[in-house]
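Asker: With the sequence up front, the predicted model follows.
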Amino acid sequence: MKSFQENDIKLSNPVKDFMTREPYTARIQDSIKEAIDLMVSNKIGSIVVTNNNKEPVNILTKTDVLKLIFFNYTDVSIDDALRILKKKNSRIFTINENDLITDCIEIFVSKGIKHLPVVNAENKVVGIISATDIIQKISYLIFIDGLTGFGNRHYFESLKVKFDKFRGKITIGILMLDIDNFKKVNDTYGHTFGDKVLKKVAETIINNVRFVDETVRYGGEEFLVMLFKAHREVVLRVAERIRQAVERIKFEEYPELKITISIGATLCLPSSDTGECVKRADLALKKAKKEGKNRVFFLSPDDES
């Protein structure tokens with residue numbers, strides 16, 4: 001991934017974690033023309049209609065606007081437009097910002113609607129949420145490791161497709177990284193602290209690669225870095241920089257603890273298969289472990305012995 005994140009959004013989270021804040025609103029006495037201009041200029045699909053107390057009274061959607069334009073009702077007020085659309089006295093469904101996202105999904109499904117105004121305890125509009133908002137964030141989470149914020153194995157599979165598009169054009173550097181003696185860390189200091197170590201190492205990795213590079217949590221304490229458009233010197237320089245940075249990690253609660261990392265490095269040539277390159281990087285990692293850990297071992301595409 002291109003930035004280190006610790007957000008672990010789940011379906012058990014509140015609506016406010018998914019909603020769009022400060023939604024576009026229009027007062028019921030405003031004109032439809034103003035509402036249309038607002039939607040067109042901001043490229044939005046819906047507007048929350050409020051009264052003078054900023055309480056939601058209805059929603060005006062893109063479909064509603066198209067109907068009004070088709071029947072030439074663009075010079076009326078929103079109040080009149082809702083009457084024309086037969087939405088004047090229809091019940092508006094809302095959801096509280098602290099309700100669970102599962103509650104929101106239930107309303108979408110049971111009522112057959114796609115947008116919900118989000119209100120606070122005073123019934124004032126503070127956001128809007130759509131089915132699309134939820135789908136996009138859930139889709140994102142499928143590819144994210146919740147602990148480190150790195151891509152997970154599913155994300156890695158999508159990366160292979162992405163990089164295969166560049167086959168025949170660029171060389172990719174691949175690093176396979178593994179925290180040395182991590183089982184001992186868990187056994188000595190506990191799994192909760194072990195998670196802290198994983199997060200700190202992940203943060204250190206992301207701080208020592210470029211924005212265009214990709215990072216994946218490949219296994220328990222194993223990470224994968226894909227260096228876009230790299231060559232041998234770049235791969236070795238980045239790997240050594242990461243190794244040294246990890247070696248400098250300190251924890252106040254356990255100052256005696258020293259964290260090190262072993263790194264297997266290789267190049268994936270334009271004619272190579274990404275999956276095979278990863279296997280070579282993993283072999284290089286095994287050699288780094290065998291030679292004493294806390295080191296970088298580079299295995300070129302021409303040498304897999």
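Answerer: Yes, it's here.
Asker: hmm, who's touching the helix or strand that contains residue 244?
Answerer: Secondary structure from DSSP states H and E places residue 244 in helix 232-247. For helix 232-247, contacts defined as CB atoms under 8 Å, 6 or more residues apart in numbering pick out 173-175, 177, 179, 201, 204-205, 207-209, 225, 227, 230, 258-261, 263, 265-267, 294-296, 298, 300. (Each C-beta comes from the backbone N, C-alpha and C, glycine too.)
Asker: got it, and stretch 49-66?
Answerer: Contact with stretch 49-66 is made by 25-28, 32, 35-36, 39, 45-48, 78, 81-82, 85, 87, 90, 92, 94, 115, 117, 119, 123-125, as judged by CB under 8 Å, 6+ apart.
Asker: With stretch 109-118 instead?
Answerer: If you take CB under 8 Å, 6+ apart as the criterion, stretch 109-118 is touched by 15-16, 19, 23, 45-46, 48, 56, 59, 61, 92-97, 104, 107-108, 125-132.
Asker: 6 Å instead, please
Answerer: For stretch 109-118, the external contacting residues (CB atoms under 6 Å, 6 or more residues apart in numbering) are 15, 19, 46, 48, 56, 59, 93-95, 97, 125-131.
Asker: for stretch 219-226, same thing?
Answerer: When contacts are defined by CB under 6 Å, 6+ apart, stretch 219-226 is touched by residues 172, 174-179, 182, 209, 214-218.
Asker: Spatially, which two of these are the most separated?
Answerer: In terms of CB to CB, the contacts of stretch 219-226 reach their longest pairwise distance at 172 and 182, which sit 26.7 Å apart.
Asker: Looking at the two, which one has more neighbours?
Answerer: Under the neighbour definition other CB atoms under 10 Å, residue 172 and residue 182 were set side by side, and residue 172 has more, 24 against 18.
Asker: Strands of the chain, start to end?
Answerer: 20-21, 25-27, 46-50, 56-61, 95-96, 115-119, 125-130, 172-179, 214-217, 222-227, 261-268, 296-298 (DSSP state E).
Asker: Show me what the first one is packed against.
Answerer: The contact analysis (3 or more CB pairs under 6 Å, 6 or more residues apart in numbering; DSSP states H and E) places strand 20-21 against strand 125-130.
Asker: could you give the angle of the strand it packs on to strand 46-50?
Answerer: Relative orientation of strand 125-130 and strand 46-50, computed by axes from the mean of the first three to the mean of the last three CA atoms, to 10 degrees: 150 degrees.
Asker: residues in contact with strand 125-130?
Answerer: Applying CB under 6 Å, 6+ apart, the contact partners of strand 125-130 are 15, 18-21, 23, 48, 50, 54, 56, 97, 114-120.
Asker: Try it again at 8 Å.
Answerer: Here strand 125-130 has contacts from 15-16, 18-23, 25, 45-46, 48, 50, 54-56, 95, 97, 104, 114-120, using CB under 8 Å, 6+ apart.
Asker: so how far is it from its chain's centroid?
Answerer: Computed by CA atoms, centre = their mean, to the nearest Å, the separation of strand 125-130 from the middle of its chain amounts to 20 Å.
Asker: Report the buried residues of that strand.
Answerer: 125, 126, 127, 128, 129, 130 (16 or more other CB atoms under 10 Å).
Asker: Distance of the fifth one relative to residue 302?
Answerer: The span separating residue 129 from residue 302 equals 54 Å under the rule CB to CB, to the nearest Å.
Asker: The fourth one too?
Answerer: Taking CB to CB as the measure, residue 128 falls 57 Å from residue 302.
Asker: Can you give me the first-to-last residue distance of stretch 266-278?
Answerer: From its first residue to its last, stretch 266-278 covers 8 Å (CA to CA, to the nearest Å).
Asker: got it, and stretch 211-221?
Answerer: Where stretch 211-221 begins and where it ends lie 22 Å apart, using CA to CA.
Asker: Got the domain ranges for the chain?
Answerer: By the record's domain assignment, the chain is partitioned as 15-137, 144-298 (automatic domain parsing).
Asker: Confidence-wise, which of those is weakest overall?
Answerer: For these, the weakest mean pLDDT is recorded on domain 15-137, namely a mean of 88.
Asker: now the end-to-end length of it.
Answerer: Between the opening and closing residues of domain 15-137 lies a distance of 12 Å (CA to CA).
Asker: And for stretch 63-82?
Answerer: Criterion CA to CA; first-to-last residue distance in stretch 63-82 is 13 Å.
Asker: Residue 88 contacts residue 77, correct?
Answerer: No. Contact between residue 88 and residue 77 fails when scored by CB atoms under 8 Å: they sit 11.4 Å apart.
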